[in-house]
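[1] Kindly return the folded structure for what I paste below:
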Amino acid sequence: MSAVVYGVGTTNFGRQPGRSGTSLGQEAILEALGDAGVDSVDAVYAGTVFGAPGTAQRALQDAGITGVPILTFENACATSSTAFHEARHAVLSGRYERVLCLGIETMTSSFDGPITPEVTDSEGRAGLALPGVYALVASRYEYLHGLDTKALAQVAVKNRRHGSFNPRAQHGTEVTLEEVLASRMVADPLTLYQCCDISDAATAAVVGVPRGNDRDVRIAG
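    Have a look, this model is predicted:
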């Protein structure tokens, strides 16, 4: 048995201080359901880090999805990936036949610029913002595997190129390797163009058992 994606939906990505998490979530949900060709699901697996309590539930209610289990995940930068992974597992295990995955963030409601370090953990008390934490990981990876700094910077080049094909992307223009390396150093070896901007957006995907059509996309990994 395998799990497949029936359909997906997203909002625009970017700083949208005038949008609420509820309205962003509803937009993504309705698009995903329409893309999937379904009007109901067996459960919802939602991810949000900075959203107000009940944001996912209100978005679902406004979209007409009620009376089903709703599980909310928080796992830092892997939050929505975790929700998607668990939804896939729920389908593979036979627990549910059709699960809606939802990710919502309205970061501009909490931050004017970079994310403020959390002072209740050791990294926060040391003044380590997230780019600093990831820079330590990147430096260790370079050391262990002999990774060239240019190779690491190519990830940003690749990601920006992908974004240039998406009219909803926060950064819709390509950058060169030279531009990435020349951008302001944030936390060695990560430059400005290798760090994520804060954003407001929502995404959704309907995951379910194979329906036997050519349109559904099998989750390979």
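[2] mean confidence for the helix or strand harbouring residue 202?
    For residue 202, the host element (DSSP states H and E) is strand 200-208. In this model, strand 200-208 has an average pLDDT of 97.
[3] Give me the helices and strands touching that strand, please.
    Using 3 or more C-beta pairs under 8 Å, 6 or more residues apart in numbering; DSSP states H and E, the elements in contact with strand 200-208 are strand 4-10, helix 21-36, helix 79-92, strand 98-106. Yep, even glycine has a C-beta here, placed from its N, CA and C like the rest.
[4] Most tightly packed of these?
    strand 98-106 (a mean of 28; mean count of other C-beta atoms under 10 Å).
[5] Parallel or antiparallel, list what pairs with it.
    strand 43-47 (parallel), strand 200-208 (antiparallel) (DSSP bridges).
[6] hang on, the earlier thing: can you list the helices and strands packed on strand 200-208 in JSON lines and add mean pLDDT and distance to residue 173?
    Putting these into JSON lines (pLDDT from 0 to 100; distance: least, C-beta to C-beta, whole Å) gives the following:
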{"stretch": "strand 4-10", "mean pLDDT": "98", "distance to residue 173": "19"}
{"stretch": "helix 21-36", "mean pLDDT": "96", "distance to residue 173": "23"}
{"stretch": "helix 79-92", "mean pLDDT": "96", "distance to residue 173": "25"}
{"stretch": "strand 98-106", "mean pLDDT": "96", "distance to residue 173": "22"}
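[7] Quick one: closest of these to residue 193.
    The minimum distance between residue 193 and the helices and strands packed on strand 200-208 falls on strand 98-106, with 21.0 Å, by C-beta to C-beta.
[8] Enumerate every residue touching residue 91.
    Neighbouring residues of residue 91 by C-beta atoms under 8 Å, 6 or more residues apart in numbering: 3, 97-99, 207-209.
[9] thinking again about what came up before, redo the strands paired with strand 98-106 as JSON lines? Include mean neighbour count.
    Formatted as JSON lines, the strands paired with strand 98-106 follow (neighbours: other C-beta atoms under 10 Å):
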{"stretch": "strand 43-47", "mean neighbour count": "25"}
{"stretch": "strand 200-208", "mean neighbour count": "27"}
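[10] Would you format the ones you listed as TSV with distance to residue 161 included?
    Formatted as TSV, those follow (distance: least, C-beta to C-beta, whole Å):
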stretch	distance to residue 161
strand 43-47	26
strand 200-208	20
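[11] Among these, which comes closest to residue 37?
    strand 200-208 (9.0 Å).
[12] Could you look up the next helix or strand downstream of that closest one?
    That would be, after strand 200-208 and using DSSP H and E, strand 217-218.
[13] on that earlier part again, right, and the helices and strands packed on strand 200-208 - which one's nearest residue 153?
    helix 79-92 (23.1 Å).
[14] quick check: angle from the closest one to strand 43-47?
    Angle, helix 79-92 to strand 43-47, by axes from the mean of the first three to the mean of the last three C-alpha atoms, to 10 degrees: 160 degrees.
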